[in-house]
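**Q** Predicted structure and sequence below. I'll ask about it afterward.
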Amino acid sequence: MSNIPKPKHFLTTQDWSQNELSQLLEQASRYKANPISDALRNKTVALVFFNPSLRTRTSFEVGVFQMGGHAVVLSPGKDAWPIEIEPGMVMDGDAEEHIIEAAKVLSRYCDVIAVRAFPKFQNWLVDRQDKVLSAFAEYASVPVVNMETIVHPCQELALMQTIQEHLGKPQKRKFLLTWTYHPQPLNTAVANSALLIASKFGMDITLLCPTEDYLLDERYMQAARDNIDEYGGSFKTTYDIEEAYTGAEFVYTKSWGALASFGNWAAEKPVRDRYKHFIVNEEKMALTDNAFFSHCLPARRNIKMTDAVMDADYCLAIQEAENRLHVQKALLDHLINGAA
Amino acid sequence: MSNIPKPKHFLTTQDWSQNELSQLLEQASRYKANPISDALRNKTVALVFFNPSLRTRTSFEVGVFQMGGHAVVLSPGKDAWPIEIEPGMVMDGDAEEHIIEAAKVLSRYCDVIAVRAFPKFQNWLVDRQDKVLSAFAEYASVPVVNMETIVHPCQELALMQTIQEHLGKPQKRKFLLTWTYHPQPLNTAVANSALLIASKFGMDITLLCPTEDYLLDERYMQAARDNIDEYGGSFKTTYDIEEAYTGAEFVYTKSWGALASFGNWAAEKPVRDRYKHFIVNEEKMALTDNAFFSHCLPARRNIKMTDAVMDADYCLAIQEAENRLHVQKALLDHLINGAA
Amino acid sequence: MSNIPKPKHFLTTQDWSQNELSQLLEQASRYKANPISDALRNKTVALVFFNPSLRTRTSFEVGVFQMGGHAVVLSPGKDAWPIEIEPGMVMDGDAEEHIIEAAKVLSRYCDVIAVRAFPKFQNWLVDRQDKVLSAFAEYASVPVVNMETIVHPCQELALMQTIQEHLGKPQKRKFLLTWTYHPQPLNTAVANSALLIASKFGMDITLLCPTEDYLLDERYMQAARDNIDEYGGSFKTTYDIEEAYTGAEFVYTKSWGALASFGNWAAEKPVRDRYKHFIVNEEKMALTDNAFFSHCLPARRNIKMTDAVMDADYCLAIQEAENRLHVQKALLDHLINGAA
């Protein structure tokens, strides 16, 4: 096995240069204009969902079909076997199969393996290792695509396509990523990803959250700073709502649980409940420089943002969701057929 | 949004004229003779199932494939997100997504959205508003198809194709819709639909049920009378089994819960249990004018009808099930490509 | 119905001659070399899963697609209706549909029906009747394929293709089928099947298990002897590990529950737990004549076999899994289009 070259995966945009991502986005625009192609003719893509999905499932399945291929949708533990991910285990628990075999067998049947595997939300030190995705990437002999684990790079591409469609060149444009309330502590993946892609394209980024407990993992904060060093732009954090919104040109919102309270959610709940006023509403949007607004969906209306914001002309959430289709097609085309 | 014309939906046959439905049925016959076509080449259809399905799922998925398209099967709340349907809600419950976004996003990915959403069986005044389907129809920018809610119009088309194949012109032919027993209180959808389609084609309709408590919603009874006024035929109700069967030319059977007892099923159960003798059997069929028999399936043998009836040559249930495939292909072809 | 000829099914390899199976395997090799074909153009295959699946589901779905067809994946009782299998029942239980209707309706929509239905593990005298598969075979008007019930003939074909790829002609080659430990009592299907296919191709078979309680059903032991009579080879059973491994050329392993304890698993558990040392490891493999090793997957590492065996070059489990794809394509091609 050691002399087989590793396939090119799409695990995080940090493994890809701005130039490579820009080429994907240009190809995505071409697919948006001309959706039908033969790029995946006779090819198959395994979509492995450890967690449920509407947009990701549909956009991948439709996209693969529009390129002449076929997506196989698998839900391990539901309509397939529960899977062990740790190496060397005596498998006397629930798992009937090791991810080594799952990855190798799927590699014999399919040309790409795409994986959704959310954190377990019990121990961030474990979750941040992203073991399921890493194991697929290690054992698969075909390209592996991240459909959301602790980052959500396909969403990043859709967000950046949406930004470019409305702001033009993203460099030095004012991007606000704001924490918002949600009754449960959610995954930080889309927030981490927003930092990664906005910094990769040199935007002036403000991260707004209630307290330092809600800052994102230092890995992603540092990656944003590294990207800024390479591609320009700026990055600051604030707990001041008015300061954050003032002058923003693109407002992106997401809720997440405090990393400091990971696995201790009963204690975090009354803290989080104090910050319901972080909801995105028209008053806050009025502070911006006629900003566009978006969200990755699914979104709880009147919790994360008001109906008025969600239904406004400046809300681009539906367009961003549509762009998932186009960017993923460009990505799969690239992974299977190489550079355009 | 206000200046975008609404797409043509297929929510109930009452929105369609007899002539429009006849054209669908003629196209369905052509598809029955020649199943393979290019009519949906590169097109995608979202099949959204809030309730399980064998026939509907398979016939839609196969039909779309036979026309060159692809169906994406979604089960919200199972392998997708639970969905809020009320407008203006503060979404602090289970639902992670509003149907507004679900409908709009699916409209960006797919060319048709087909929806199955059964009543909740707790409050008929709520269920009869058909809110899930109505919301999809309001927010989708592509045609929406009813795969069974409080009516089942695709089943209606399959039934009418089956009637025409065996009785020829349906006008003035004697159609008996008989209630039958089932251990649980079932949806009235197929019964409502049988009234709608038989009256739309001017048949002489008898509705047989145990008591007035089992009559159908006045909305559908009145629609049947309205159709009779326009297209001829007749409509009567009876609680007399012998009277109902005598002279019938087509016997259609369905079980349903008493609307009067909706949500109060424990009280209705001993009442319903008194009417097990409404089962369709050879003795009752012997009263008819050599009637054909059919049922929408799934059917509990020896509860709704005896094995002898189900296995008789005059039983057309399998043929009606097959016709689902053909009528749905004609319908999708029409909704996507316009009149044949 | 009586004058309609029965379709040719694939329920067990015992219904097929060695020559017929050899032709399937030759066609499978051609598909392995040239995966893309038009053999199932516009055809549809129903995959009915009463039990979960990764390999079977993916290999069938991909295989059908690579031949131009489409597979519909159904899970009765989960996203379709629960199904009654006994004839003549008063259906007042959970089942909403009889298998008669399910089989007949699917036959109207699809060109092949493939079924996975595991034993219930309560009463082997019931399970060994294989009622679900038999009912589909009786009522379907299209070919029915066994995707694992009490035998697993598709796995047999994949195993035999793998054997032929590494041993050449299988006749008189030493094939060891060894029981191995598993925390739960598993299905005997793959073990039964290993006996059937190895004997059908005239191999020298040793069945190794802990005690006579773990011998396989006499039906399959006798079938192996019958095959040996017709095709050569030999068949012996042993409880001696060293004797069994010595000189083996192909080691195949599977765990199963003792038929003698069927349905009485709490009592069998401490007995089974005594035999954990049946695990396939390097020491045992060192006794063989440089044997190859394989397993049908899923496999619990360090329970059924050590990591060292699973990761060895002589382990062919991944290749056998891949061969599922090729043999199933050859099979479907044959069932739909006739002899190659």
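**A** Structure received.

**Q** Chain C contacts on the stretch 1-150 of chain A?
**A** Residues of the stretch 1-150 of chain A lying near chain C by Cβ under 8 Å from any Cβ of the partner chain: A:42, A:44, A:46, A:70, A:72, A:74, A:76, A:78-81, A:84, A:87-92, A:95-98, A:100-102, A:104-106, A:108-110. Backbone N, C-alpha and C define where each C-beta goes, glycine included.

**Q** Would you write a ChimeraX line that selects the buried entries of these?
**A** In ChimeraX, a selection of the buried entries from the residues of the stretch 1-150 of chain A next to chain C looks like this (16 or more other Cβ atoms under 10 Å in any protein chain shown):
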select /A:44,46,70,72,74,76,78,79,80,81,84,89,91,95,96,97,98,100,101,102,104,105,106,108,109,110
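
**Q** Tell me how many other residues surround residue A:41.
**A** Each residue near residue A:41 was counted by other Cβ atoms under 10 Å in any protein chain shown, and the total is 10.

**Q** surely it meets residue A:70?
**A** No: with contact defined as Cβ atoms under 8 Å, residue A:41 does not reach residue A:70; the gap is 10.3 Å.

**Q** do the helix ranked longest in chain A and chain B meet at all?
**A** Longest among the helix segments of chain A by residue count, using DSSP state H, is helix A:317-337. Yes: against chain B, helix A:317-337 shows contacts by Cβ under 8 Å from any Cβ at A:317, A:318, A:321, A:322, A:325.

**Q** Report the contact partners of the residue lying closest to residue A:306 once chain neighbours are set aside.
**A** Distances taken as Cβ to Cβ, 6 or more residues apart in numbering or on different chains place residue A:281 nearest to residue A:306, at 4.6 Å, with adjacent residues excluded. Neighbouring residues of residue A:281 by Cβ atoms under 8 Å, 6 or more residues apart in numbering or on different chains: A:305, A:306, A:308, A:309.

**Q** Tell me the buried residues within those residues.
**A** Among those, those buried by neighbour count (16+ other Cβ under 10 Å) are A:305, A:306, A:309.

**Q** a markdown table for these, including distance to residue A:215 and pLDDT?
**A** Formatted as a markdown table, the buried ones among the contacts of residue A:281 follow (distance: Cβ to Cβ, whole Å; pLDDT from 0 to 100):
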| residue | distance to residue A:215 | pLDDT |
| --- | --- | --- |
| A:305 | 22 | 98 |
| A:306 | 26 | 98 |
| A:309 | 24 | 98 |
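
**Q** Nearest to chain C among these?
**A** Among these, residue A:305 lies closest to chain C (Cβ to the nearest Cβ), at 33.2 Å.

**Q** Excluding residues flanking it in the chain, which one is nearest that closest one?
**A** Per Cβ to Cβ, 6+ apart, closest to residue A:305 is residue A:280, 4.0 Å.

**Q** same question, residue A:230
**A** Closest residue to residue A:230 apart from its sequence neighbours, by Cβ to Cβ, 6+ apart: residue A:18 at 7.9 Å.

**Q** Tell me who's in contact with that neighbour.
**A** Contacts of residue A:18 (Cβ under 8 Å, 6+ apart): A:200, A:201, A:230, A:231.

**Q** which SS state does the nearest residue to residue A:300 once chain neighbours are set aside fall under?
**A** Closest residue to residue A:300 apart from its sequence neighbours, by Cβ to Cβ, 6+ apart: residue B:91 at 3.7 Å. Following DSSP: H, G, I helix; E, B strand; the rest coil, we place residue B:91 in the coil state.

**Q** quick one: residue B:91 and chain C, what's the gap?
**A** Counting by Cβ to the nearest Cβ, to the nearest Å, the gap from residue B:91 to chain C is 26 Å.

**Q** isn't that residue right up against residue B:83?
**A** No: applying Cβ under 8 Å, one finds residue B:91 not in contact with residue B:83, separated by 10.3 Å.

**Q** Please enumerate the shared neighbours of these two.
**A** With Cβ under 8 Å, 6+ apart, residue B:91 and residue B:83 have common neighbours residue B:98.

**Q** Who are the contact partners of the residue in the stretch 101-250 of chain A positioned nearest to chain C?
**A** Chain C sits closest to residue A:108 of the stretch 101-250 of chain A, with a gap of 3.9 Å, by Cβ to the nearest Cβ. Counting by Cβ under 8 Å, 6+ apart, residue A:108 touches C:318, C:321, C:322, C:325.

**Q** Name the member of the residues you listed with the most neighbours.
**A** If you rank the contacts of residue A:108 by neighbour count (other Cβ under 10 Å), residue C:321 sits at the top with 28 neighbours.

**Q** Can you tell me how far it is from residue A:182?
**A** 42 Å (Cβ to Cβ, to the nearest Å).

**Q** Report all helices and strands that the helix or strand of chain A with the lowest mean pLDDT contacts.
**A** Across the helices and strands of chain A, mean pLDDT, DSSP states H and E gives its lowest value to strand A:83-84, namely a mean of 90. Judged by 3 or more Cβ pairs under 8 Å, 6 or more residues apart in numbering or on different chains; DSSP states H and E, strand A:83-84 is in contact with strand A:97-98, helix A:99-109.

**Q** so what strands line up beside it?
**A** Strand A:83-84 pairs in its sheet with strand A:97-98 (parallel), by DSSP bridges.

**Q** Confirm for me that residue A:142 is in contact with residue A:115.
**A** No: taking contacts as Cβ under 8 Å, residue A:142 lies outside contact range of residue A:115: 12.0 Å.

**Q** Have a look at these two and say which one is more surrounded.
**A** residue A:115 (27 against 21).

**Q** which ones are touching that one?
**A** When contacts are counted by Cβ under 8 Å, 6+ apart, residue A:115 is found next to A:48, A:50, A:132, A:133, A:136, A:144, A:145, A:146, A:147, A:149.

**Q** Which residue ranges of chain A form helices?
**A** Here chain A has its helices, by DSSP H, at A:18-33, A:55-66, A:99-109, A:124-127, A:131-139, A:153-167, A:189-200, A:218-231, A:241-245, A:265-272, A:282-286, A:307-310, A:317-337.

**Q** Make a markdown table from the ones you listed and add distance to residue B:190 to it.
**A** Converted to a markdown table, the helices of chain A look like this (distance: least, Cβ to Cβ, whole Å):
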| stretch | distance to residue B:190 |
| --- | --- |
| helix A:18-33 | 42 |
| helix A:55-66 | 29 |
| helix A:99-109 | 40 |
| helix A:124-127 | 48 |
| helix A:131-139 | 44 |
| helix A:153-167 | 42 |
| helix A:189-200 | 43 |
| helix A:218-231 | 54 |
| helix A:241-245 | 54 |
| helix A:265-272 | 46 |
| helix A:282-286 | 47 |
| helix A:307-310 | 37 |
| helix A:317-337 | 35 |
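
**Q** Tell me which of these is the most buried.
**A** helix A:189-200 (a mean of 27; mean count of other Cβ atoms under 10 Å in any protein chain shown).

**Q** would you put the C-alpha positions of that one in CSV?
**A** Taking Å, rounded to 0.1, in the frame of the first residue of the first chain, the C-alpha atoms of helix A:189-200 are listed here in CSV:
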residue,chain,number,x,y,z
ALA,A,189,-18.2,23.8,12.1
VAL,A,190,-19.8,26.5,10.0
ALA,A,191,-18.4,29.3,12.2
ASN,A,192,-14.9,27.8,12.0
SER,A,193,-15.4,27.6,8.2
ALA,A,194,-16.6,31.2,7.9
LEU,A,195,-13.4,32.3,9.5
LEU,A,196,-11.3,30.1,7.2
ILE,A,197,-12.9,31.1,3.9
ALA,A,198,-13.3,34.8,4.6
SER,A,199,-9.6,35.1,5.7
LYS,A,200,-8.5,32.9,2.7
